[in-house]
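Chemist: sequence first, then the predicted structure, then my questions.
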Amino acid sequence: RADRDSWRKRETELEASAAWHSAGGDGDSWGGGGGEEKIRELERLLQRALLEGAELTRAREESDQRFHRLREVARAKLRRERRRFENAMDGAEERVQRAEDRLAEYLEVSCKG
C-alpha cells in the first residue's frame, strides 16, 4: 500500500512537472534533463506497477486454487457425514421396526395366554 501511494505521488509529481514544462516553464526540477529523464522514470514506475500487478494476479490465482481445493474437501466431508448420518438413521429405523415387531408378537402371545 505504501509503495502504491509513493508511486502515485511520484507519478503526480512527474505529470505536474511535465505539464509545467510543456506550458512554457523555463526550468526543470530535474536539472534541465528534459523529457527523456521523465520518460525513463515513468517507464520505471510502469514496470514496477506491472510487476506488482503480476504478483497480485499470481497470488489471486493461488488463493482461488486453494479455495477451490478447500471447497472440494468440505463437500467431500459433507457427503461423508451425510452418508454416515443416513446409515445411522437407517440402522435406527430397522431397530425400531424390529422392536415394534417383537412387541406386537409379545402382545399377541400374551393375549392368547
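Modeler: Structure received.

Chemist: whichever strand or helix holds residue 74 packs against which elements?
Modeler: In the assignment (DSSP states H and E), residue 74 maps to helix 35-112. If contacts are counted by 3 or more CB pairs under 8 Å, 6 or more residues apart in numbering; DSSP states H and E, helix 35-112 sits against helix 2-22. Placement of C-beta: from N, CA and C, glycine included.

Chemist: what angle separates the helix it packs on from helix 35-112?
Modeler: Orientation check (axes from the mean of the first three to the mean of the last three CA atoms, to 10 degrees): helix 2-22 against helix 35-112 gives 150 degrees.

Chemist: with just CA atoms, put helix 2-22 into PDB.
Modeler: Extracted in PDB, the C-alpha atoms of helix 2-22 (Å, rounded to 0.1, in the frame of the first residue of the first chain):
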ATOM      1  CA  ALA A   2       2.800   2.400   0.900                       C
ATOM      2  CA  ASP A   3       4.600   1.600  -2.400                       C
ATOM      3  CA  ARG A   4       1.400   2.300  -4.300                       C
ATOM      4  CA  ASP A   5       1.000   5.600  -2.600                       C
ATOM      5  CA  SER A   6       4.600   6.600  -3.200                       C
ATOM      6  CA  TRP A   7       4.200   5.600  -6.900                       C
ATOM      7  CA  ARG A   8       1.000   7.700  -7.200                       C
ATOM      8  CA  LYS A   9       2.700  10.600  -5.600                       C
ATOM      9  CA  ARG A  10       5.800  10.300  -7.800                       C
ATOM     10  CA  GLU A  11       3.600  10.000 -10.900                       C
ATOM     11  CA  THR A  12       1.600  13.100  -9.900                       C
ATOM     12  CA  GLU A  13       4.900  15.000  -9.400                       C
ATOM     13  CA  LEU A  14       6.100  13.800 -12.800                       C
ATOM     14  CA  GLU A  15       2.800  14.800 -14.500                       C
ATOM     15  CA  ALA A  16       2.800  18.200 -12.800                       C
ATOM     16  CA  SER A  17       6.400  18.800 -13.900                       C
ATOM     17  CA  ALA A  18       5.700  17.700 -17.400                       C
ATOM     18  CA  ALA A  19       2.600  19.900 -17.600                       C
ATOM     19  CA  TRP A  20       4.600  22.900 -16.200                       C
ATOM     20  CA  HIS A  21       7.400  22.300 -18.600                       C
ATOM     21  CA  SER A  22       5.100  21.900 -21.600                       C
END
